[in-house]
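Colleague: Test case, fold it:
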Amino acid sequence: MTPRDDWTTLRRASAELVGTGLLVTAVVGSGIAAARLAPDDPGLQLLANSIATALALGTLIVIFGPVSGAHLNPAVSLADWWLGRRTRTGLSTRDLIAYLGAQLLGAAGGTVLAHLMFGLPAAAVATRHRDGGRLWLAEIIATGGLLLLIAALRHARREALAPVAIGAWIGAAYWFTASTGFANPAVTVGRMFTDTVTGITPLSAMGFVVAQLVATVGTLAAIRWWYPTRPRAVAPVDPTPTGAQRVPA
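Modeller: So this is what the prediction gives:
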């Protein structure tokens, strides 16, 4: 491994750290703002939270896609590593570890940033319980659908649609899943540190993360079955209009 490789990994991991952090800031911050502006209207709170998250996610993919692929999600990074390991088109094991660490650290930092902006203590342990088989099933659907969407975009060479398509899926999942579509282990961990409307207790978070990982494993098999002719890595890529070659992993 050369010093240049080390700097490349660091550059990509830093993009994942900041990108994931800003995503969690958007989730938690918009939840706080919505609860303050419409304290007696949960539907309006969810609407504001979902719109802000979807728009922020799409924008962050545009910003960080050319740098790291804008995974911003351990499930996406794991899928990229697994599907690309034979052809060496996905993340290396070394980069995967760097991505996962950066995403988890960034998620916690994103909650802190949201709290500080809204005048709350930097972090708090969530007390909002989100448990039960129906919520775990919802997380399997939300996470699996996200990974299938990314695989389909890559298979069809329509990566430029990633910001809109992925933002749309997550925005919709807020409403059609019982769990409000976390679909991201890092975001789930980050939301353990906020005792606001977007929080989730550590014990509940464990169930969500397990469901998300189960979805990842099952969806990898589905991707191999449905998209066998073009074994390309599952990851958002450079979404710029000029056609965006995939950032080499």
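
Colleague: For this structure, give me the ranges with low pLDDT.
Modeller: When residues are selected by pLDDT under 70, those of the chain lie in 1-3, 229-249.

Colleague: In it, where's the longest helix?
Modeller: Among the elements of type helix in the chain, defined by DSSP state H, the one spanning the most residues is helix 3-37.

Colleague: now residue 84, nearest residue through space, not along the chain?
Modeller: Spatial nearest neighbour of residue 84, chain neighbours left out: residue 90 (2.0 Å); criterion: CB to CB, 6 or more residues apart in numbering. Yep, even glycine has a C-beta here, placed from its N, CA and C like the rest.

Colleague: Do a quick rundown of the helices in the chain.
Modeller: Listed in chain order (using DSSP H), the helices of the chain are 3-37, 42-68, 74-84, 93-117, 133-155, 162-176, 185-190, 202-226.

Colleague: buried set for the third one?
Modeller: Read that as helix 74-84. Of the residues in helix 74-84, those with enough neighbours to count as buried (16 or more other CB atoms under 10 Å) are 74-84.

Colleague: cool, and stretch 135-153?
Modeller: 135-136, 138-153.

Colleague: for stretch 197-211, same thing?
Modeller: Under the neighbour-count rule (16+ other CB under 10 Å), stretch 197-211 has 197-201, 204-205, 207-209, 211 buried.

Colleague: again with stretch 56-68
Modeller: For stretch 56-68, the buried set under the neighbour-count rule, 16+ other CB under 10 Å, comprises 56-58, 60-62, 64-68.

Colleague: Could you do stretch 214-230 as well?
Modeller: Within stretch 214-230, the residues that qualify as buried by neighbour count (16+ other CB under 10 Å) are 215-216, 219-220, 223, 227.

Colleague: Dump those to JSON lines, plus distance to residue 187.
Modeller: Listed next are these as JSON lines, based on distance: CB to CB, whole Å:
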{"residue": "215", "distance to residue 187": "14"}
{"residue": "216", "distance to residue 187": "14"}
{"residue": "219", "distance to residue 187": "18"}
{"residue": "220", "distance to residue 187": "20"}
{"residue": "223", "distance to residue 187": "22"}
{"residue": "227", "distance to residue 187": "26"}
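
Colleague: Tell me what angle the longest helix of the chain forms with helix 42-68.
Modeller: Note on geometry: by axes from the mean of the first three to the mean of the last three CA atoms, to 10 degrees, helix 3-37 and helix 42-68 are set 170 degrees apart in direction.
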